[in-house]
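Peer 1: Here's a sequence, model it:
(chains A, B and C)
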Amino acid sequence: MYGLVDCNNFYVSCERVFNPLLKGQPVVVLSNNDGCIIARSNEAKALGIPMGAPLHLYKKLIDQKNVFTYSSNYTLYGDMSARVMDSLNYFVPDMEIYSIDEAFISLKGFNLNSLVEEMSDIRKLIYQWTGIPTSIGVGPTKTLAKLANKIAKKYTSNGVYIVTISDQLTQILDDMKLEDIWGISKGWGARLRSIGINTPLQLQQSDPCQIRKLISVVGERIVYELRGNSCLQLEEVVNKKTITVSRSFGNMIDDKDDLKKALANHVVRAAEKLRYQDSLCSGIHIFINTNRYRKQDLQYSNGAMINFDEPIDNTVEIINESFKLLENIYRSNYNYKKIGVVLLGLKQNKKNVIENTYIIQSNLFTLNQNLSNNSKKSDVCMKLFDDINSRMGKKTLFYGSQGMQKRSKKIKQKADKWSMRSCYKSPSYTTKWNDVLKVY
DNA sequence: TCTGGGGTCCTAGGACCC
DNA sequence: TCTGGGGTCCTAGGACCC
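Peer 2: Numbering: from 1, shown residues only, chains lettered A, B, ... in the order given. Purely as a prediction, here's the structure:
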């Protein structure tokens, strides 16, 4: 079983820890430059203030109803998040920090009969230690744990809900909207409806291959996950693959030197994050935008990218490179609203590779060299995969190459057959060597 | 001159998430 | 007048290789 622990109205709850008078009051937290509303207390939600709304559209209501507004304080939220995660980790060793206010936990070894009580205790103690209220949803897959969490937040008094494969789940899925399911947003919801799938229940009971054709393998996995067939595992150690730092300006900027100052600041922060996770970047991307909401203004947005010969983590070097890129894309006579930098191709700085990975890698390399003429590489690979699967005790790996799926009709049919087999055998599969190495 | 199978690697763009 | 910031994954398609 998986659990999802989610902090309630996290940013607002953080503010309340340091100002208890806010309890029971409508409170919102604002984005950078106080532009948008990015967190709301239940009382503010009840007033009809939506998530992400521009502040100026709700200023009147906020003043009328005496809603407390706070500028965001990410340092505080990050710190509080770490406290919550540490507390949770005290009870549950296997966890994946999914976002600043959410973590998936593995409940292997927990007694199912007393799960509600145990989860309630965890909630109580996290609240006692950090002052942050949480909700916990439990289910046989991550997707169902997410769903359970939603129910826990909305409909329970103890903040805990457990979903099992049962008639009750069928009822829940029938009552909910497609967009209530983790991973299904407006776009995909509309596409699903266009083929007659209107509820999560219908999605659960649909043909996975059909769903895959409609909304890719991501959708296919959702079908399996809704059936209680787990496709998404806990990912405990996650190093970021890209690091972005960008900000909108309070006032618009047209001067190149001012842009450079902002860019340099962003790079400094990005490089800090980079070194914090002990990585090097092999390239950077920078971008600038005018204000897209000001239709009356001339619009311009552009980006530029560079790859380095050797990966680096030195702030000054990255700043110099980013300035060179800025020269390429900067145009005078525009009012700029935003600038940002993205560090790309992040690599582990210190060599820290598990031995097993080397073994498999060397197997794959020798495979390339030792193929006899009448043995197809894919066949040999499949055997190797089977070997990995049996040794790992997982029947989850599947190999199909990207190249094969787009060659010709003939091949396409073959690839479809393979994917059907993979659906049948196991919903989780990989098309990339690196994924195999990671799993192994 | 035309036609195959079987692949790797990379990128842009479009989804989705909090 | 005022409209956030930071991520992930997947797919299609091109360049290239034998």
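Peer 1: Going by C-alpha atoms from here, please, whenever you check contacts or count neighbours.
Peer 2: Fine.
Peer 1: which parts of chain A sit against DNA strand C?
Peer 2: A:31-33, A:35-36, A:38, A:52-56, A:212, A:216-218, A:239-250, A:291, A:293-294, A:338, A:340, A:342, A:402-403 (C-alpha under 7 Å from any atom of the strand).
Peer 1: in the longest helix along chain A, what's buried?
Peer 2: Longest helix in chain A by number of residues, with DSSP state H as the criterion: helix A:256-276. Neighbour-count burial for helix A:256-276 flags A:259-260, A:262-264, A:266-271, A:273-275 (criterion: 16 or more other C-alpha atoms under 10 Å).
Peer 1: Write the PyMOL selection for whichever of the residues of chain A next to DNA strand C are buried.
Peer 2: Buried members of the residues of chain A next to DNA strand C, defined by 16+ other C-alpha under 10 Å, are picked up in PyMOL with:
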select buried, chain A and resi 31+32+35+36+38+54+55+212+217+243+244+245+246+248+249+291+338+340+342
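Peer 1: that older thread, using CSV, lay out the buried residues of helix A:256-276 together with distance to DNA strand B and pLDDT.
Peer 2: Output for the buried residues of helix A:256-276, formatted as CSV (distance: C-alpha to the nearest atom of the strand, whole Å; pLDDT from 0 to 100):
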residue, distance to DNA strand B, pLDDT
A:L259, 23, 96
A:K260, 23, 96
A:A262, 23, 96
A:L263, 21, 97
A:A264, 23, 96
A:H266, 19, 96
A:V267, 20, 97
A:V268, 22, 95
A:R269, 19, 95
A:A270, 18, 96
A:A271, 21, 95
A:K273, 17, 94
A:L274, 19, 94
A:R275, 22, 91
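Peer 1: hey, what's the closest residue to A:R269 other than its chain neighbours bridged with?
Peer 2: For A:R269, ignoring the flanking residues on the chain, the nearest one in space by C-alpha to C-alpha, 6 or more residues apart in numbering is A:V245 at 7.2 Å. When assigned by DSSP bridges, A:V245 has beta-bridge partners A:V341.
Peer 1: Who are the contact partners of A:V245?
Peer 2: A:266-267, A:269-270, A:340-342 (C-alpha atoms under 8 Å, 6 or more residues apart in numbering).
Peer 1: do A:I211 as well
Peer 2: By C-alpha under 8 Å, 6+ apart, A:I211 lies in contact with A:217, A:219-220.
Peer 1: distance of it from A:G52?
Peer 2: Distance, A:I211 to A:G52, by C-alpha to C-alpha, to the nearest Å: 30 Å.
Peer 1: ok, now A:N335?
Peer 2: To A:G52, A:N335 is 24 Å away according to C-alpha to C-alpha.
Peer 1: which residues in the stretch 1-150 of chain A form strands?
Peer 2: Secondary structure of the stretch 1-150 of chain A (DSSP state E, counting those that start in this stretch): strands at A:2-7, A:27-30, A:37-40, A:68-71, A:95-99, A:102-106, A:134-139.
Peer 1: what is the orientation angle of the first one with strand A:95-99?
Peer 2: Right, the one you point to is strand A:2-7. Interaxial angle, strand A:2-7 versus strand A:95-99 (axes from the mean of the first three to the mean of the last three C-alpha atoms, to 10 degrees): 40 degrees.
Peer 1: cool, and the last one?
Peer 2: With the same axes, to 10 degrees as the basis, strand A:134-139 and strand A:95-99 are set at 120 degrees to each other.
Peer 1: so who does the residue nearest the centre of chain A touch?
Peer 2: Computing the C-alpha centroid of chain A and ranking residues by C-alpha atoms, centre = their mean puts A:Y98 first, at 6.6 Å. The contact partners of A:Y98, by C-alpha under 8 Å, 6+ apart, come to A:F104.
Peer 1: redo that, cut-off 10 Å
Peer 2: A:4-6, A:104, A:234-236, A:238 (C-alpha atoms under 10 Å, 6 or more residues apart in numbering).
Peer 1: which one of those residues is nearest A:I181?
Peer 2: Nearest to A:I181 among those: A:L4, at 14.0 Å, using C-alpha to C-alpha.
Peer 1: And the pLDDT at that closest one?
Peer 2: pLDDT, A:L4: 98.
Peer 1: That one and A:V92 touch, don't they?
Peer 2: No - under the criterion of C-alpha atoms under 10 Å, A:L4 is not in contact with A:V92, lying 11.8 Å apart.
Peer 1: which stretches of the stretch 201-350 of chain A form strands?
Peer 2: Along the stretch 201-350 of chain A, counting by DSSP E, counting those that start in this stretch, strands occupy A:243-253, A:279-290, A:301-312, A:336-344, A:347-348.
Peer 1: among those, which is nearest DNA strand B?
Peer 2: Comparison of the strands of the stretch 201-350 of chain A against DNA strand B by C-alpha to the nearest atom of the strand identifies strand A:301-312 as nearest, at 7.5 Å.
Peer 1: what's across from the nearest residue to A:N89 once chain neighbours are set aside in the sheet?
Peer 2: Excluding its sequence neighbours, the residue lying closest to A:N89 (C-alpha to C-alpha, 6+ apart) is A:M95, at 7.1 Å. Judged by DSSP bridges, the bridge partners of A:M95 are A:I105.
Peer 1: how far away is A:M95 from DNA strand B?
Peer 2: 16 Å (C-alpha to the nearest atom of the strand, to the nearest Å).
Peer 1: I'd guessed that residue sits against A:V237; true?
Peer 2: Yes - judged on C-alpha under 10 Å, A:M95 makes contact with A:V237 at a distance of 9.2 Å.
Peer 1: Who has more neighbours out of the two?
Peer 2: Shown here are A:M95 and A:V237; by other C-alpha atoms under 10 Å, A:M95 has more neighbours (22 against 9).
Peer 1: how far away is that one from A:Y330?
Peer 2: The gap separating A:M95 from A:Y330 is 44 Å, by C-alpha to C-alpha.
Peer 1: any weak-confidence spans in the stretch 1-150 of chain A?
Peer 2: Low-confidence regions of the stretch 1-150 of chain A, defined here as pLDDT under 70, do not occur.
Peer 1: Could you pick out the residues of it near DNA strand B for me?
Peer 2: For the stretch 1-150 of chain A, the contact set with DNA strand B under C-alpha under 7 Å from any atom of the strand comprises A:99-102.
Peer 1: what about burial for those, which qualify?
Peer 2: Buried residues within those, defined by neighbour count using 16+ other C-alpha under 10 Å: A:100-102.
Peer 1: tell me which of these is nearest to DNA strand C?
Peer 2: Nearest member of those to DNA strand C, counting by C-alpha to the nearest atom of the strand, is A:I100, at 9.0 Å.
Peer 1: ok, the spatially closest residue to the closest one that is not a sequence neighbour - contacts?
Peer 2: Of all residues not flanking A:I100 in the chain, A:S81 sits nearest, at 5.9 Å (C-alpha to C-alpha, 6+ apart). The contact partners of A:S81, by C-alpha under 10 Å, 6+ apart, come to A:7, A:10-11, A:14, A:75, A:87, A:97, A:99-102, A:130, A:132.
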